[in-house]
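Novice: next come a sequence and a model predicted from it.
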Amino acid sequence: METILTYIENVFRPLPQTAEVLHIKNELLSDMEAKFEDLRVAGISEHEATARVIGEFGTIDELLCELGIDHPTDDEERRPLVSHEEIDEFFVAHQKFTRTIVWGILLSLLGLALFLSALVWSGISPASPPDVGLTDPGFFSALIRPPSESAHNLILPLALFFTFVIPAVGLFIHAGLSFQKYQRYERGAFDILPTIKCEVEREHEVFQPLFTSRLITGVVLSMLAVLIFIALIMLNTFNTFYVLAIFLTLAAIPLMLLIPVAMKENAFSQILRIGDYRPQNREAERVIGAVAAFVFPASIAVILILGFGFKNWGAALLVFPVTAILFGGFAGLYSVLKEVD
(Lines give C-alpha, C1' and ligand atoms only; values in the text may rest on other atoms or scores of the structure.)
Protein backbone atom coordinates (compact mmCIF):
# COMPACT_ATOMS: atom_id res chain seq x y z
CA MET A 1 0.00 0.00 0.00
CA GLU A 2 2.96 2.29 0.56
CA THR A 3 3.82 2.02 -3.15
CA ILE A 4 0.31 3.19 -4.09
CA LEU A 5 0.55 6.11 -1.68
CA THR A 6 3.93 7.03 -3.18
CA TYR A 7 2.38 6.84 -6.66
CA ILE A 8 -0.48 9.18 -5.72
CA GLU A 9 1.87 11.63 -3.98
CA ASN A 10 4.06 11.67 -7.09
CA VAL A 11 1.04 12.47 -9.24
CA PHE A 12 -0.32 15.33 -7.17
CA ARG A 13 2.78 16.76 -5.51
CA PRO A 14 3.65 19.27 -8.28
CA LEU A 15 0.04 20.39 -8.74
CA PRO A 16 -1.57 23.45 -7.13
CA GLN A 17 -3.01 22.35 -3.81
CA THR A 18 -6.49 23.72 -4.49
CA ALA A 19 -9.65 22.31 -2.93
CA GLU A 20 -10.63 20.68 -6.23
CA VAL A 21 -7.26 18.98 -6.70
CA LEU A 22 -7.21 17.73 -3.09
CA HIS A 23 -10.73 16.39 -3.49
CA ILE A 24 -9.75 14.47 -6.64
CA LYS A 25 -6.64 13.17 -4.89
CA ASN A 26 -8.57 11.86 -1.85
CA GLU A 27 -11.23 10.23 -4.03
CA LEU A 28 -8.64 8.57 -6.23
CA LEU A 29 -6.69 7.31 -3.22
CA SER A 30 -9.88 5.94 -1.66
CA ASP A 31 -10.78 4.09 -4.88
CA MET A 32 -7.30 2.62 -5.20
CA GLU A 33 -7.26 1.53 -1.55
CA ALA A 34 -10.64 -0.18 -1.96
CA LYS A 35 -9.49 -1.96 -5.12
CA PHE A 36 -6.27 -3.02 -3.37
CA GLU A 37 -8.16 -4.46 -0.38
CA ASP A 38 -10.55 -6.37 -2.68
CA LEU A 39 -7.61 -7.98 -4.46
CA ARG A 40 -5.95 -8.90 -1.16
CA VAL A 41 -9.16 -10.51 0.11
CA ALA A 42 -9.29 -12.47 -3.13
CA GLY A 43 -5.91 -13.98 -2.27
CA ILE A 44 -3.73 -11.84 -4.56
CA SER A 45 -0.25 -11.10 -3.20
CA GLU A 46 0.55 -7.58 -2.05
CA HIS A 47 3.07 -7.02 -4.85
CA GLU A 48 0.72 -8.25 -7.60
CA ALA A 49 -2.25 -6.35 -6.14
CA THR A 50 -0.25 -3.13 -6.13
CA ALA A 51 0.81 -3.65 -9.75
CA ARG A 52 -2.78 -4.35 -10.86
CA VAL A 53 -4.20 -1.28 -9.10
CA ILE A 54 -1.62 1.09 -10.55
CA GLY A 55 -1.88 -0.60 -13.97
CA GLU A 56 -5.66 -0.09 -14.07
CA PHE A 57 -5.34 3.62 -13.35
CA GLY A 58 -2.62 4.12 -16.00
CA THR A 59 0.52 6.22 -16.04
CA ILE A 60 0.84 9.59 -14.33
CA ASP A 61 0.53 11.54 -17.60
CA GLU A 62 -2.49 9.49 -18.72
CA LEU A 63 -4.18 9.97 -15.38
CA LEU A 64 -3.66 13.73 -15.36
CA CYS A 65 -4.89 13.97 -18.95
CA GLU A 66 -8.04 12.05 -18.02
CA LEU A 67 -8.61 14.39 -15.08
CA GLY A 68 -8.08 17.43 -17.32
CA ILE A 69 -5.03 18.68 -15.39
CA ASP A 70 -1.83 19.90 -17.06
CA HIS A 71 1.33 18.28 -15.74
CA PRO A 72 4.13 20.75 -14.88
CA THR A 73 7.25 20.40 -17.05
CA ASP A 74 9.81 22.12 -14.79
CA ASP A 75 12.47 19.62 -13.72
CA GLU A 76 12.53 20.97 -10.16
CA GLU A 77 8.78 20.36 -9.88
CA ARG A 78 9.10 16.77 -11.10
CA ARG A 79 11.59 15.46 -8.59
CA PRO A 80 10.74 11.81 -7.95
CA LEU A 81 9.59 10.51 -4.61
CA VAL A 82 11.84 7.85 -3.11
CA SER A 83 10.48 4.87 -1.26
CA HIS A 84 11.55 3.45 2.08
CA GLU A 85 13.37 0.62 0.28
CA GLU A 86 15.35 3.11 -1.82
CA ILE A 87 16.43 5.02 1.27
CA ASP A 88 17.49 1.79 2.99
CA GLU A 89 19.47 0.90 -0.13
CA PHE A 90 21.14 4.33 -0.04
CA PHE A 91 22.24 3.90 3.59
CA VAL A 92 23.63 0.40 2.90
CA ALA A 93 25.55 1.70 -0.14
CA HIS A 94 26.78 4.70 1.85
CA GLN A 95 28.08 2.39 4.58
CA LYS A 96 30.04 0.36 1.99
CA PHE A 97 31.33 3.61 0.47
CA THR A 98 32.49 4.78 3.91
CA ARG A 99 34.22 1.48 4.64
CA THR A 100 36.12 1.67 1.33
CA ILE A 101 37.18 5.28 1.98
CA VAL A 102 38.38 4.38 5.49
CA TRP A 103 40.54 1.56 4.15
CA GLY A 104 41.94 3.87 1.49
CA ILE A 105 42.90 6.48 4.08
CA LEU A 106 44.46 3.83 6.32
CA LEU A 107 46.60 2.50 3.49
CA SER A 108 47.64 6.04 2.51
CA LEU A 109 48.71 6.92 6.05
CA LEU A 110 50.52 3.61 6.48
CA GLY A 111 52.33 4.05 3.16
CA LEU A 112 53.42 7.58 4.06
CA ALA A 113 54.54 6.52 7.55
CA LEU A 114 56.60 3.65 6.13
CA PHE A 115 58.02 5.96 3.47
CA LEU A 116 59.27 8.39 6.13
CA SER A 117 60.66 5.59 8.27
CA ALA A 118 62.40 3.99 5.28
CA LEU A 119 64.05 7.34 4.50
CA VAL A 120 65.78 7.10 7.88
CA TRP A 121 66.67 3.43 7.35
CA SER A 122 68.23 4.41 4.01
CA GLY A 123 70.35 7.10 5.63
CA ILE A 124 68.42 10.08 4.19
CA SER A 125 68.04 12.93 6.67
CA PRO A 126 65.71 15.94 6.52
CA ALA A 127 68.76 18.04 7.41
CA SER A 128 70.36 17.05 4.08
CA PRO A 129 68.52 18.88 1.29
CA PRO A 130 69.16 18.24 -2.42
CA ASP A 131 72.58 19.18 -3.77
CA VAL A 132 71.30 22.20 -5.71
CA GLY A 133 68.23 24.34 -5.67
CA LEU A 134 66.22 26.06 -8.36
CA THR A 135 68.16 29.30 -7.81
CA ASP A 136 71.57 27.63 -8.09
CA PRO A 137 73.42 27.95 -11.45
CA GLY A 138 73.93 24.19 -11.71
CA PHE A 139 70.31 23.21 -11.12
CA PHE A 140 69.34 22.36 -14.70
CA SER A 141 72.60 20.58 -15.44
CA ALA A 142 72.02 18.49 -12.31
CA LEU A 143 68.81 17.20 -13.83
CA ILE A 144 70.72 15.19 -16.43
CA ARG A 145 73.46 13.89 -14.15
CA PRO A 146 73.56 10.17 -13.31
CA PRO A 147 71.61 9.32 -10.12
CA SER A 148 73.53 9.97 -6.93
CA GLU A 149 73.85 7.56 -4.04
CA SER A 150 70.97 9.31 -2.23
CA ALA A 151 68.76 8.72 -5.28
CA HIS A 152 69.47 4.98 -5.09
CA ASN A 153 68.58 5.10 -1.41
CA LEU A 154 65.09 6.30 -2.36
CA ILE A 155 64.24 2.99 -4.03
CA LEU A 156 63.08 1.23 -0.83
CA PRO A 157 61.09 4.21 0.57
CA LEU A 158 59.34 4.80 -2.74
CA ALA A 159 58.64 1.08 -3.18
CA LEU A 160 56.96 0.94 0.24
CA PHE A 161 55.07 4.16 -0.45
CA PHE A 162 53.60 3.07 -3.77
CA THR A 163 52.90 -0.45 -2.51
CA PHE A 164 50.30 1.02 -0.17
CA VAL A 165 49.25 4.19 -1.97
CA ILE A 166 48.42 2.58 -5.33
CA PRO A 167 45.81 0.22 -3.77
CA ALA A 168 44.50 3.20 -1.76
CA VAL A 169 43.98 5.20 -4.94
CA GLY A 170 42.24 2.18 -6.47
CA LEU A 171 39.90 2.01 -3.48
CA PHE A 172 39.08 5.72 -3.78
CA ILE A 173 38.29 5.35 -7.49
CA HIS A 174 36.18 2.24 -6.88
CA ALA A 175 34.25 3.97 -4.08
CA GLY A 176 33.55 7.03 -6.23
CA LEU A 177 32.39 5.03 -9.26
CA SER A 178 30.23 2.60 -7.29
CA PHE A 179 28.50 5.42 -5.42
CA GLN A 180 27.92 7.58 -8.49
CA LYS A 181 24.33 6.34 -8.95
CA TYR A 182 23.39 7.94 -5.62
CA GLN A 183 24.54 11.46 -6.56
CA ARG A 184 20.92 12.64 -6.80
CA TYR A 185 20.70 12.51 -3.01
CA GLU A 186 23.64 14.88 -2.74
CA ARG A 187 22.06 17.22 -5.32
CA GLY A 188 18.71 17.10 -3.52
CA ALA A 189 16.97 15.89 -6.70
CA PHE A 190 14.32 13.87 -4.84
CA ASP A 191 11.45 14.11 -2.37
CA ILE A 192 10.31 11.78 0.39
CA LEU A 193 6.94 11.21 1.99
CA PRO A 194 6.39 12.93 5.36
CA THR A 195 5.87 9.55 7.07
CA ILE A 196 9.21 8.22 5.78
CA LYS A 197 10.94 11.48 6.66
CA CYS A 198 9.69 11.17 10.25
CA GLU A 199 11.16 7.65 10.48
CA VAL A 200 14.53 8.87 9.19
CA GLU A 201 14.45 11.78 11.66
CA ARG A 202 13.84 9.33 14.52
CA GLU A 203 16.80 7.21 13.37
CA HIS A 204 18.87 10.39 13.19
CA GLU A 205 17.97 11.27 16.78
CA VAL A 206 18.93 7.77 17.97
CA PHE A 207 22.28 8.14 16.19
CA GLN A 208 23.14 11.52 17.77
CA PRO A 209 24.53 10.24 21.13
CA LEU A 210 26.96 7.92 19.29
CA PHE A 211 27.95 10.71 16.93
CA THR A 212 28.58 13.12 19.82
CA SER A 213 30.64 10.65 21.85
CA ARG A 214 32.77 9.63 18.86
CA LEU A 215 33.25 13.27 17.92
CA ILE A 216 34.46 14.24 21.39
CA THR A 217 36.74 11.18 21.63
CA GLY A 218 38.17 11.81 18.18
CA VAL A 219 38.89 15.48 18.87
CA VAL A 220 40.57 14.66 22.19
CA LEU A 221 42.75 11.96 20.59
CA SER A 222 43.64 14.33 17.73
CA MET A 223 44.78 16.99 20.19
CA LEU A 224 46.76 14.36 22.09
CA ALA A 225 48.49 13.29 18.85
CA VAL A 226 49.40 16.90 18.11
CA LEU A 227 50.77 17.40 21.64
CA ILE A 228 52.91 14.26 21.36
CA PHE A 229 54.17 15.46 17.98
CA ILE A 230 55.13 18.88 19.40
CA ALA A 231 56.78 17.28 22.44
CA LEU A 232 58.90 14.96 20.28
CA ILE A 233 59.95 17.87 18.07
CA MET A 234 60.94 19.96 21.09
CA LEU A 235 62.89 17.08 22.68
CA ASN A 236 64.88 16.77 19.44
CA THR A 237 65.74 13.18 20.37
CA PHE A 238 64.32 11.38 17.32
CA ASN A 239 64.87 11.90 13.64
CA THR A 240 62.26 14.30 12.21
CA PHE A 241 61.08 11.70 9.71
CA TYR A 242 60.48 9.24 12.55
CA VAL A 243 58.50 11.89 14.42
CA LEU A 244 56.31 12.53 11.38
CA ALA A 245 55.77 8.78 10.95
CA ILE A 246 54.72 8.46 14.61
CA PHE A 247 52.35 11.42 14.23
CA LEU A 248 50.69 9.89 11.15
CA THR A 249 50.25 6.59 12.98
CA LEU A 250 48.72 8.30 16.02
CA ALA A 251 46.51 10.50 13.80
CA ALA A 252 45.05 7.38 12.16
CA ILE A 253 43.31 6.38 15.43
CA PRO A 254 41.02 9.42 15.79
CA LEU A 255 40.43 9.43 12.05
CA MET A 256 39.10 5.88 12.22
CA LEU A 257 36.70 7.01 14.94
CA LEU A 258 35.61 10.23 13.26
CA ILE A 259 35.26 9.32 9.59
CA PRO A 260 32.52 6.60 9.86
CA VAL A 261 30.25 8.65 12.14
CA ALA A 262 30.91 11.89 10.24
CA MET A 263 29.99 10.24 6.94
CA LYS A 264 26.87 8.64 8.41
CA GLU A 265 25.84 12.06 9.72
CA ASN A 266 26.47 13.33 6.20
CA ALA A 267 24.15 10.62 4.83
CA PHE A 268 21.38 11.70 7.21
CA SER A 269 21.94 15.32 6.17
CA GLN A 270 21.54 14.40 2.50
CA ILE A 271 18.27 12.53 3.02
CA LEU A 272 16.78 15.12 5.41
CA ARG A 273 18.32 18.07 3.50
CA ILE A 274 19.73 19.71 6.59
CA GLY A 275 23.06 21.34 7.34
CA ASP A 276 25.20 21.70 4.22
CA TYR A 277 22.48 20.11 2.10
CA ARG A 278 19.82 22.72 2.70
CA PRO A 279 18.80 24.30 -0.63
CA GLN A 280 20.16 27.72 0.39
CA ASN A 281 23.60 26.20 1.10
CA ARG A 282 24.11 24.64 -2.33
CA GLU A 283 25.51 27.78 -3.92
CA ALA A 284 27.96 28.27 -1.04
CA GLU A 285 29.08 24.64 -1.39
CA ARG A 286 29.76 25.11 -5.11
CA VAL A 287 31.83 28.26 -4.50
CA ILE A 288 33.83 26.64 -1.67
CA GLY A 289 34.48 23.56 -3.82
CA ALA A 290 35.72 25.73 -6.69
CA VAL A 291 38.09 27.62 -4.38
CA ALA A 292 39.38 24.36 -2.86
CA ALA A 293 40.06 22.97 -6.35
CA PHE A 294 42.49 25.86 -6.90
CA VAL A 295 43.92 26.51 -3.43
CA PHE A 296 45.14 23.03 -2.44
CA PRO A 297 46.92 22.14 -5.70
CA ALA A 298 48.52 25.60 -5.58
CA SER A 299 49.70 24.97 -2.01
CA ILE A 300 51.32 21.68 -3.08
CA ALA A 301 53.11 23.50 -5.89
CA VAL A 302 54.39 26.09 -3.38
CA ILE A 303 55.63 23.30 -1.09
CA LEU A 304 57.56 21.66 -3.92
CA ILE A 305 59.07 24.97 -5.07
CA LEU A 306 60.13 25.99 -1.55
CA GLY A 307 61.52 22.57 -0.73
CA PHE A 308 63.24 21.43 -3.90
CA GLY A 309 63.75 24.82 -5.49
CA PHE A 310 64.89 27.00 -2.59
CA LYS A 311 65.91 24.22 -0.14
CA ASN A 312 63.69 25.78 2.54
CA TRP A 313 61.91 22.72 3.89
CA GLY A 314 61.08 24.45 7.17
CA ALA A 315 58.86 26.98 5.41
CA ALA A 316 57.56 24.30 3.02
CA LEU A 317 56.22 22.16 5.89
CA LEU A 318 54.23 25.13 7.19
CA VAL A 319 52.47 25.87 3.90
CA PHE A 320 49.86 23.10 3.99
CA PRO A 321 48.64 23.52 7.61
CA VAL A 322 48.50 27.30 7.21
CA THR A 323 46.57 26.89 3.95
CA ALA A 324 44.16 24.44 5.59
CA ILE A 325 43.50 26.79 8.52
CA LEU A 326 42.94 29.81 6.27
CA PHE A 327 40.71 27.83 3.91
CA GLY A 328 38.68 26.47 6.83
CA GLY A 329 38.17 30.01 8.08
CA PHE A 330 37.12 31.19 4.62
CA ALA A 331 34.68 28.28 4.16
CA GLY A 332 33.07 28.84 7.56
CA LEU A 333 32.77 32.61 7.09
CA TYR A 334 31.38 32.30 3.56
CA SER A 335 28.77 29.73 4.68
CA VAL A 336 27.65 31.98 7.54
CA LEU A 337 27.38 35.01 5.26
CA LYS A 338 25.29 33.03 2.74
CA GLU A 339 22.93 31.92 5.51
CA VAL A 340 22.52 35.53 6.66
CA ASP A 341 21.67 36.56 3.09
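Specialist: Now that the structure is in, tell me what you want to look at.
Novice: now do the longest helix anywhere in the chain, average pLDDT.
Specialist: As assigned by DSSP state H, the longest helix anywhere in the chain is helix 194-235. Averaged across helix 194-235, pLDDT comes to 88.
Novice: which elements pack onto that helix?
Specialist: Helices and strands touching helix 194-235, by 3 or more C-beta pairs under 8 Å, 6 or more residues apart in numbering; DSSP states H and E, are helix 84-121, helix 240-272. Glycine gets a C-beta too; all of them are placed from N, C-alpha and C.
Novice: show me what the first one is packed up against.
Specialist: Applying 3+ C-beta pairs under 8 Å, 6+ apart, we find helix 84-121 packed against helix 155-178, helix 194-235, helix 240-272.
Novice: run the chain-centre distance for the following helix or strand past the last one.
Specialist: By that I understand helix 240-272. Next helix or strand after helix 240-272 toward the C-terminus (DSSP states H and E): helix 282-304. Put simply, helix 282-304 sits 16 Å off its chain's centre (C-alpha atoms, centre = their mean, to the nearest Å).
Novice: and for stretch 156-170?
Specialist: With C-alpha atoms, centre = their mean, you get 23 Å for stretch 156-170.
Novice: now do that stretch: everything it contacts.
Specialist: 103-105, 107-108, 110-112, 114-116, 118-119, 121-122, 124 (C-beta atoms under 8 Å, 6 or more residues apart in numbering).
Novice: so which of these is surrounded by the most neighbours?
Specialist: Scoring those on neighbours with other C-beta atoms under 10 Å, the highest-scoring entry is residue 119 at 26 neighbours.
Novice: can you pull the phi/psi pair for the residue of the chain most remote from its centre?
Specialist: Distance from the centre of the chain peaks at residue 42, with 48.4 Å (C-alpha atoms, centre = their mean). The phi/psi pair for residue 42 (degrees, to the nearest 10) reads phi -80, psi 0.
Novice: how close does it get to residue 48?
Specialist: 11 Å (C-beta to C-beta, to the nearest Å).
Novice: other SSEs contacting whichever strand or helix holds residue 55?
Specialist: Per DSSP H and E: residue 55 is located in helix 46-57. If contacts are counted by 3+ C-beta pairs under 8 Å, 6+ apart, helix 46-57 sits against helix 2-12, helix 19-41.
Novice: which strands or helices does the shortest one pack on?
Specialist: I take that to be helix 2-12. helix 19-41, helix 46-57, helix 60-67, strand 81-82.
Novice: now stretch 289-302: mean pLDDT?
Specialist: Rounded mean pLDDT across stretch 289-302 is 80.
Novice: which residues sit against it?
Specialist: 316, 319, 320, 323, 327, 330, 331.
Novice: so which bits of it are buried?
Specialist: Buried residues in stretch 289-302, counted by 16 or more other C-beta atoms under 10 Å: 299, 302.
Novice: no further questions, thank you.
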